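My questions are about this predicted structure, shown below with the sequence.
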Amino acid sequence: MSPFSILLIGLAMSTDAFAAAIGKGVAMGRPRLSDALRTGLIFGVIEAITPVLGWLLGKAAAVYVQAWDHWIAFALLLGLGLHMIANGFGKEDEEPDAPAAGNGNARSFWLLALTGLATSIDAAAIGVGLAFLEVHIGIVALVIGLCTFAMVTVGVLLGSKLGEMAGKRAEVLGGIVLIVIGAGILYEHLGHAPIAS
């Protein structure tokens, strides 16, 4: 997988977190830079861990599905992409409001962590798909985490100005990117191997 594809995956995986961060920014009113960085760090760390967990699960199953690995990766990316597009066009998900900065720091942390976990489930599924490909999961996880950190930090800071539509459009774009990458993986594998063995 090329560095550009890895970067695209990182950006695509961060779009749902970006959409959630916009909502958090709106709820915070006028978030400070420290609030945005803290939120970005929590989301980024969680989003970097989950693909590694998915990759470990995928590796455990890889020996049983080696002949179909590219189809599995394609199906996962296609499914996630369609899900993100549907979310982008659907109704806004109900999320707990973030407490105002400085109030209930422990509660605020766990609310952010739970939201980050909810938006990182797709990254775990990506990890499962990547277990069947020639890719260094540590690099992919780092890129996903850094992209999420940056996107969430920006989303929180600009939340009140960007509004919901920007987040939803970002999620649609992220879904399209995942489908294109999945199609590229399938094309690459089918192009280098005979259809019937």
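Received, thanks. Note that the structure is a prediction, hence the values are computed from the model and not measured. Residues are numbered from 1 along each chain as shown.

Tell me the first helix or strand C-terminal of the helix or strand bottoming out on mean pLDDT in the chain.
The least trusted helix or strand in the chain, going by mean pLDDT, DSSP states H and E, turns out to be helix 105-118, with a mean of 68. Later in the chain than helix 105-118, the nearest helix or strand by DSSP states H and E is helix 121-130.

Which elements pack onto the following helix or strand past that next one?
Once helix 121-130 ends, the next helix or strand along the chain (criterion: DSSP H and E) is helix 137-192. Judged by 3 or more CB pairs under 8 Å, 6 or more residues apart in numbering; DSSP states H and E, helix 137-192 is in contact with helix 3-28, helix 33-62, helix 69-89, helix 121-130. Where you see a C-beta, it was placed from the backbone N, CA and C, and this is true even at glycine.

What separation do you get for L157 and M84?
Here the criterion is CB to CB, to the nearest Å. By it, L157 lies 23 Å from M84.

who's more crowded, those two?
M84 (26 against 23; other CB atoms under 10 Å).

who's in contact with the closest residue to the more buried one other than its chain neighbours?
Distances taken as CB to CB, 6 or more residues apart in numbering put G175 closest to M84, at 3.2 Å, once the chain neighbours are dropped. Shown in contact with G175 (CB atoms under 8 Å, 6 or more residues apart in numbering): A12, T15, L80, G81, L82, H83, M84, I85, A86, N87, G88.

cool, G58 as well?
G127, V128, G129, L130, A131, F132.

ditto for A48
A48 is in contact with A141, L142, I144, G145, L146, T148, counting by CB under 8 Å, 6+ apart.

Quick check: closest non-adjacent residue to it.
A48 sits nearest to G145 (CB to CB, 6+ apart), 2.8 Å away.

Tell me the pLDDT of A100.
The model reports A100 with a pLDDT of 43.

how deep is T153 tucked in, by neighbour count?
If we define neighbours as other CB under 10 Å, then T153 has 24 of them.

Next one: V156 from A21, what distance?
V156 sits 5 Å away from A21, taking CB to CB as the criterion.

Flag every buried residue along stretch 28-35.
For stretch 28-35, burial by neighbour count (16 or more other CB atoms under 10 Å) applies to M28, P31, D35.

what's the span of it, first residue to last?
In stretch 28-35, first residue to last residue: 9 Å (CA to CA, to the nearest Å).

residue contacts, W55?
With contact taken as CB under 8 Å, 6+ apart, W55 is in contact with G127, V128, L130, A131, I137, A141.

Setting aside sequence neighbours, what's the nearest residue to it?
G127 (3.9 Å).

Give me the pLDDT value at the one you found.
82.
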